[in-house]
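S.K.: build me a model from this:
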Amino acid sequence: MGIAIRIHETGAPEVLRVEQHDPGQPGTGEVLIRHEAIGLNYIDVYHRSGLYPLSELPAVIGMEGAGVVESIGSGVTDLNLGDRVAYAGLPPGAYAERRCIPAHRVVKLPKGISTAQAAAIMLKGMTARYLLFGCYPVKIGDTILIHAAAGGVGSLVCQWAHHLGATVIGTVGSEAKAAYVSERGCDHPVLYQKEDFVEKVMALTSGKGVDVVYDSVGQATFERSLRCLRPLGTMVSFGQSSGPVAPLDLGKLAAYGSLFLTRPTLMTYTARREDLLVHAEDLFDVVIKGAVRVEINQEFALKDAVRAHQVLESRGTMGSSLLLP
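M.R.: You can find the predicted model right below:
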């Protein structure tokens, strides 16, 4: 037995309950993992609040973790007891000291990546990977706009895009966050509470607009993000921390310059085992080379998940955050 954070109903952070939890033994094709670190992500808020409904309640939430294989179910041939592993994506259940998970969703960690690092970047880093290579292939000479640049995904996108040779414009909410992202590949931080980010983007690009916008904020930024794009530019809406995006008149995509729009998810981009491995390997490679730094700036005990969610929703975090069993 151990503990897990379970929700019996959706709502505010206080619906997160610390409860005794028996993960059971792994079934066919599964492994039992003892977590050493668990990633804290905004999708956890969406599941807790009910914005992204879970299949059933009560449920243990959490989409990202890393640890050690403690038990192996039948039919699993590529993992061994004691292997250091990590995962990100469905099925949820990471907010627990131990959990069973399908082995095909798990990747082994190379020597240069710690379990803490892996739990801090698997979901956010593989998200950065599909944003920069899948949704729009960022290359030397491109200019991108990333909202919430100081956040977990945003700070990784800044570093990785800079490594690829792009010019990075990023919106942030404070001078401290502007300084933070400036040291992490963001060429032009924009204080969105003091500056009109559309006007700033157009000034920085001599009126041309950016090649791609990465928007995880949603309702508060979506419409104006479209106006930041060059003709034939790409709008990537991959989250909605400010609320759902209103229904869109597709004619606006034509009016703003024959724009492309996509609403991707990590689960789609890594649904196949081979794609999951490519995303993880590319991520580990840039981290081991030092092109992308893993920065764990907030740590909470697993039992303090309520407080962790309160801090996350108050925009009081920078970089990655962990829950520690």
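S.K.: how distant is the strand or helix carrying residue 213 from the center of its chain?
M.R.: Using DSSP states H and E, the element containing residue 213 is strand 210-215. Centroid displacement of strand 210-215 relative to its chain, using C-alpha atoms, centre = their mean, to the nearest Å, is 17 Å.
S.K.: neighbouring contacts of the very next helix or strand once past it?
M.R.: Downstream of strand 210-215, the next assigned helix or strand under DSSP H and E is helix 222-226. Outside helix 222-226, the residues that touch it by C-beta atoms under 8 Å, 6 or more residues apart in numbering are 145, 147, 197-198, 213, 215, 235, 237, 245-246, 252-253, 256, 259. Yep, even glycine has a C-beta here, placed from its N, CA and C like the rest.
S.K.: hmm, back to that, and the average pLDDT for the strand holding residue 213 is what?
M.R.: Across strand 210-215, the average pLDDT comes to 98.
S.K.: residue 310: which element?
M.R.: Using DSSP H and E, residue 310 falls within helix 305-313.
S.K.: neighbouring contacts of that helix?
M.R.: Against helix 305-313 from outside (C-beta under 8 Å, 6+ apart): 5, 13-14, 16, 18, 40, 42, 44-45, 48, 95, 298, 300, 317, 321, 323.
S.K.: and the strand holding residue 213, what does it pack against?
M.R.: Counting contacts by 3 or more C-beta pairs under 8 Å, 6 or more residues apart in numbering; DSSP states H and E, strand 210-215 packs against strand 143-146, helix 222-226, strand 229-237.
S.K.: give me the buried subset of the contacts of helix 222-226.
M.R.: Buried members of the contacts of helix 222-226, scored by 16 or more other C-beta atoms under 10 Å, are 145, 147, 197, 198, 213, 215, 235, 237, 245, 253, 256, 259.
S.K.: who touches the last one in this structure?
M.R.: Pointing back at residue 259 there. Here residue 259 is in contact with 226, 229, 231, 232, 233, 234, 235, 253 (C-beta under 8 Å, 6+ apart).
S.K.: mind redoing it with 10 Å?
M.R.: 209, 213, 226-227, 229-235, 250, 252-253 (C-beta atoms under 10 Å, 6 or more residues apart in numbering).
S.K.: for the helix or strand containing residue 161, what does the pLDDT average out to?
M.R.: In this assignment (DSSP H and E), residue 161 forms part of helix 152-164. Taken as a whole, helix 152-164 has a mean pLDDT of 96.
S.K.: now stretch 77-92
M.R.: Mean per-residue pLDDT for stretch 77-92: 95.
S.K.: number of residues surrounding residue 281?
M.R.: Applying other C-beta atoms under 10 Å, we find 12 residues neighbouring residue 281.
S.K.: number of residues surrounding residue 156?
M.R.: Residue 156 is flanked by 32 other residues according to other C-beta under 10 Å.
S.K.: the one 10 residues further on now?
M.R.: Burial of residue 166 is recorded as 24 neighbouring residues (other C-beta under 10 Å).
S.K.: tell me where the stretch 1-150 of the chain has helices.
M.R.: In the stretch 1-150 of the chain, the helices defined using DSSP state H, counting those that start in this stretch lie at 42-49, 115-129.
S.K.: give me the element residue 323 is part of.
M.R.: Taking DSSP H and E as the criterion, residue 323 maps to strand 320-324.
S.K.: and the residue nearest the centre of the chain, what does it touch?
M.R.: The geometric centre of the chain, computed from its C-alpha atoms, lies nearest to residue 124 (C-alpha atoms, centre = their mean), at 3.0 Å. By C-beta under 10 Å, 6+ apart, the contact set of residue 124 is 39-42, 64, 88, 151-157, 266, 283, 294, 319-321.
S.K.: quick check: closest non-adjacent residue to it.
M.R.: In this structure, residue 124 finds its nearest non-sequential neighbour in residue 152, 4.2 Å apart by C-beta to C-beta, 6 or more residues apart in numbering.
S.K.: next one: residue 174
M.R.: residue 191 (7.4 Å).
S.K.: average pLDDT across the lengthiest helix in the chain?
M.R.: Longest helix in the chain, counting residues (DSSP state H): helix 273-289. The average pLDDT within helix 273-289 is 97.
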